[in-house]
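In: Generate coordinates for the sequence data below:
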Amino acid sequence: MIQEAKRIKKIVEFVNQLILRLKARVFGKTYAVIVINTDLPFHLHYWENWKIIYPIIDEILKITKEKSFIRTYQSFESENRWLGFERMKWNKDNNIKWTQKYRSDQYSHRKLVFHGTEIWAPDWNHCINKGKTPEIYISLYNHPNYKGHNEGLLFAIPKQSYLRNIEAIRLRIKSIHDLIPSSHVIMSTRYWGPSKGFVNRIEDMNPQELQLILEKGNKL
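Out: Here you go, the predicted structure:
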């Protein structure tokens, strides 16, 4: 009986691992998703605010050996095109660039609209071309018309990597949380690709999907 029980246990473990691998093929890796959200218009994308958060994010990015890059989505009001920034490797100069380039006196007569900024490790192009998901993905979202999640930061880190570095990550998440007024931290897990309750990949998450995480996730 004992031998039979052990054999059944091994079969169950094998089947569970097989199911996890199949899910990973369909949906991608399982990610720890951490959201630092505020319902106040804090303007995280202004350099005067971002400069105190940037060094902490820099520490989080060090948990991977992959190089990090910045993608930002900004436009002028009433113009249906993204403003150009060229390819931006993660460093201080490029963080100043994406937060200040179109807020300079040269463009003071135009109304700048900030849609969001993403940080990818490795680069978005590499992930798309190689069919891979990122080792770290960070989104600075801006939803001024949505009550309850005006703006904030979303961190998506493969669950295994998150668990290996959990203390360092949580310490830095708390540091960012303390800097953003009226903010709270929510954690959830999900696949990178569409899955139950989510119609988009993490990078394409809409405000409704973000709200789902805020409502059903766990407070940190």
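In: for this structure, what are the low-confidence residue spans?
Out: Applying pLDDT under 70 to the chain flags residues 1-6, 9-10, 12-28, 148.
In: can you give me the strands for it?
Out: 30-38, 69-76, 88-89, 112-121, 136-142, 151-158, 183-191, 218-219 (DSSP state E).
In: I'd like the ones you listed as CSV, with distance to residue 200 and mean neighbour count appended.
Out: Heads up, the C-betas are built off the backbone N, CA and C, glycines and all. Below are the strands of the chain laid out as CSV (distance: least, CB to CB, whole Å; neighbours: other CB atoms under 10 Å):
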stretch, distance to residue 200, mean neighbour count
strand 30-38, 13, 22
strand 69-76, 16, 18
strand 88-89, 24, 15
strand 112-121, 14, 19
strand 136-142, 12, 22
strand 151-158, 12, 24
strand 183-191, 11, 19
strand 218-219, 22, 8
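In: Tabulate these (CSV), appending distance to residue 210.
Out: Below are these laid out as CSV (distance: least, CB to CB, whole Å):
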stretch, distance to residue 210
strand 30-38, 7
strand 69-76, 16
strand 88-89, 24
strand 112-121, 11
strand 136-142, 7
strand 151-158, 7
strand 183-191, 10
strand 218-219, 15
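In: From residue 179, how far off is the spatially closest residue to residue 43 that is not a sequence neighbour?
Out: Nearest residue to residue 43 in three dimensions, chain neighbours excluded: residue 49, at 5.8 Å (CB to CB, 6 or more residues apart in numbering). Between residue 49 and residue 179 the computed distance is 8 Å (CB to CB, to the nearest Å).
In: Repeat that for residue 164.
Out: 25 Å.
In: With residue 69 instead?
Out: Separation of residue 69 from residue 179 (CB to CB) stands at 24 Å.
In: Quick one: residues contacting residue 77.
Out: Residues near residue 77 by CB atoms under 8 Å, 6 or more residues apart in numbering: 110-113.
In: Looking at the residues you listed, which one is closest to residue 95?
Out: Using CB to CB, residue 112 is the member of these that lies nearest residue 95, at 16.8 Å.
In: How about the contacts made by the closest one?
Out: With CB under 8 Å, 6+ apart, residue 112 has these contacts: 74-77, 102-103.
In: Identify the bridge partners of it.
Out: The partner list for residue 112 in beta bridges (DSSP bridges) reads residue 76.
In: same deal with residue 219?
Out: For residue 219, the beta-bridge assignment (DSSP bridges) gives partners residue 186.
In: hang on, it packs against residue 184?
Out: Yes - because the distance of 6.7 Å satisfies CB atoms under 8 Å, residue 219 is recorded as touching residue 184.
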